[in-house]
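*Asks:* What shape does this take:
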Amino acid sequence: MTQTADLLLLDTPETVDAAAADDYDRRAGHFWDKFYRNTQNRFFKDRNYLHRECPHLLKEGANILEVGCGVGNAVFPLLDYNPTAFVYACDFSPRAIQLVQADHRYGCGRAKAAVSDITAASPFEFVDQTQIDICTMIFVLSAIQPDRMRQVALNVASVLKPGAGRVYVRDYARGDLAQQRLSSTARQQKLAADFYLRMDGTRAYYFTEEALLQLFEDSGFCCESITTIERQASRAMAALILACPAVFTGATVLELGSGSSPLVTLAALRHCRSVVATDGNPAAVQLLLRNLCLNASRVVIERARVALLPWGDAKHLSKLLLMIRLV
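*Replies:* The predicted model follows:
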């Protein structure tokens, strides 16, 4: 999750009309299959951090269930880091499962992947009555219609070892920068509260800790720990700019997804000829402009421009390109 303390999210855009929302829900599998046909195994990086965040995955002889496995970005690291584990994996997309099964690492004899709709009744029949030690759900629940999430949690509970099975969940948090972009009023992308439609037809839900806790507690789980990860990416980017002045000296810089933090713009103005900072959220743009003005004494603020740039809006993009030429 990437956010700043003064982030403002608009909660006012019109929602996608009910008929269209129902159509996107009905065709969810189609959109994910199209996504994997287009991206193959090039979009997500292997999740090599899992065994550090969840040491239970290293249990000797563990039976692991990876729900929403995609092309195996968690499956294969788990097999590497725990050579005694057996990993069951499933995904909604037939194309994703084909890519998993085509990977040379799948032939190790310690993995089984299947197409499955985890919102349906008995989606884990391919597990063959095995009791699962730990289930991983990484950016999976967020893609599911909110009123079906509890059924998913109950389905997972049904295959875990009673009193001993665990679930590791990692997903989007309310306030994520991506939610800020999707909240733009330029497009109708809001399906429901905290639930949005992406440009490619896939969907994303942004959780609060309370909502995620309630979902699993209502399904019979007890929570061992829950953490919201906040990454101040703007600080790292500003530090990079200041550390590499030769790269930015005399350049015109376009900053996308600036949010309300002026750090990157201020750092760039130390060396750059001009900076155009943009964001898709009107409230964030106004706050960014105010924050820049408050720091006007530190840099030549006249070399900075702030612009609204809703994602996918050609009209705003044309204006922005003209602005870049002017500065």
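*Asks:* Look up phi and psi at Val275.
*Replies:* Backbone geometry at Val275, expressed as degrees, to the nearest 10, gives phi -130, psi 130.
*Asks:* From Asn73, how far off is it?
*Replies:* From Val275 across to Asn73, the span is 35 Å (C-beta to C-beta, to the nearest Å). C-beta coordinates here come from the backbone N, C-alpha and C atoms, glycine included.
*Asks:* Neighbour count for the two, which is higher?
*Replies:* Val275 (26 against 19; other C-beta atoms under 10 Å).
*Asks:* show me the contacts for that one.
*Replies:* For Val275, the contact set (C-beta atoms under 8 Å, 6 or more residues apart in numbering) comprises 252-255, 265, 268-269, 303-305.
*Asks:* One more: Ala114?
*Replies:* Taking C-beta under 8 Å, 6+ apart as the test, what Ala114 contacts is 88-90, 97, 126.
*Asks:* Any regions of this structure where pLDDT drops low?
*Replies:* Low-confidence segments of the chain (pLDDT under 70): 1-13, 184-187, 230-233, 298-299, 311-314, 323-327.
*Asks:* domain assignment for it?
*Replies:* Following automatic domain parsing, the chain resolves into domains at 18-217, 233-326.
*Asks:* in this protein, which spans are strands?
*Replies:* For the chain, the strands defined by DSSP state E cover 63-67, 86-91, 111-115, 134-138, 166-170, 190-192, 195-197, 203-205, 252-255, 274-279, 304-308.
*Asks:* nearest to Gln40, of those strands?
*Replies:* Gln40 lies closest to strand 86-91 among the strands of the chain, at 14.0 Å (C-beta to C-beta).
*Asks:* Among the domains of the chain, which comes closest to Cys223?
*Replies:* Nearest to Cys223, of the domains of the chain and by C-beta to C-beta, is domain 18-217 at 5.7 Å.
*Asks:* That closest one spans what distance, first to last residue?
*Replies:* Chord length of domain 18-217, first to last residue, is 30 Å (C-alpha to C-alpha, to the nearest Å).
*Asks:* again, but for stretch 228-239
*Replies:* In stretch 228-239, first residue to last residue: 24 Å (C-alpha to C-alpha).
*Asks:* ok, which stretches of this protein are helices?
*Replies:* For the chain, helices defined by DSSP state H occupy the ranges 18-26, 28-39, 50-53, 75-81, 94-102, 149-157, 177-182, 209-217, 233-243, 245-248, 263-269, 282-294, 314-326.
*Asks:* tell me the angle the fifth one makes with strand 111-115.
*Replies:* It stands for helix 94-102. Going by axes from the mean of the first three to the mean of the last three C-alpha atoms, to 10 degrees, helix 94-102 is angled at 160 degrees with respect to strand 111-115.
*Asks:* In helix 94-102, which residues are buried?
*Replies:* Buried residues in helix 94-102, counted by 16 or more other C-beta atoms under 10 Å: 95-97, 99-100.
*Asks:* In those residues, find the pair that's most separated.
*Replies:* The span of the buried residues of helix 94-102, defined through C-beta to C-beta, is set by Arg95 and Val100 at 10.0 Å.
*Asks:* Common neighbours of the two, please.
*Replies:* Joint contacts of Arg95 and Val100 (C-beta under 8 Å, 6+ apart) do not exist.
*Asks:* just curious, which of the contacts of Val275 is nearest to Ile229?
*Replies:* Ile229 lies nearest to Glu255 out of the contacts of Val275, by C-beta to C-beta, at 23.0 Å.
*Asks:* and the closest residue to Leu78 other than its chain neighbours, what is it in contact with?
*Replies:* What sits nearest to Leu78 in space, not counting adjacent residues and going by C-beta to C-beta, 6 or more residues apart in numbering, is Val87, at 5.4 Å. The contact partners of Val87, by C-beta under 8 Å, 6+ apart, come to 64-66, 75, 78-79, 110-112.
*Asks:* Also Arg273?
*Replies:* Residues near Arg273 by C-beta under 8 Å, 6+ apart: 250-252, 303, 327.
*Asks:* Mind doing that once more with 10 Å?
*Replies:* Listed by C-beta atoms under 10 Å, 6 or more residues apart in numbering, the contact set of Arg273 reads 248-253, 303, 327.
*Asks:* separation between it and Ser93?
*Replies:* Counting by C-beta to C-beta, the gap from Arg273 to Ser93 is 46 Å.
*Asks:* And for Thr265?
*Replies:* To Ser93, Thr265 is 40 Å away according to C-beta to C-beta.
*Asks:* And the two? Which one has more around it.
*Replies:* A direct count of neighbours by other C-beta under 10 Å for Thr265 and Ser93 places Thr265 higher, at 28 against 23.
*Asks:* The more buried one and Asn291 touch, don't they?
*Replies:* Yes: in this structure, Thr265 is within contact of Asn291 by C-beta atoms under 10 Å, at 9.0 Å.
*Asks:* Name the residues contacting each of the two.
*Replies:* Common neighbours of Thr265 and Asn291 (C-beta under 10 Å, 6+ apart) are Val306.
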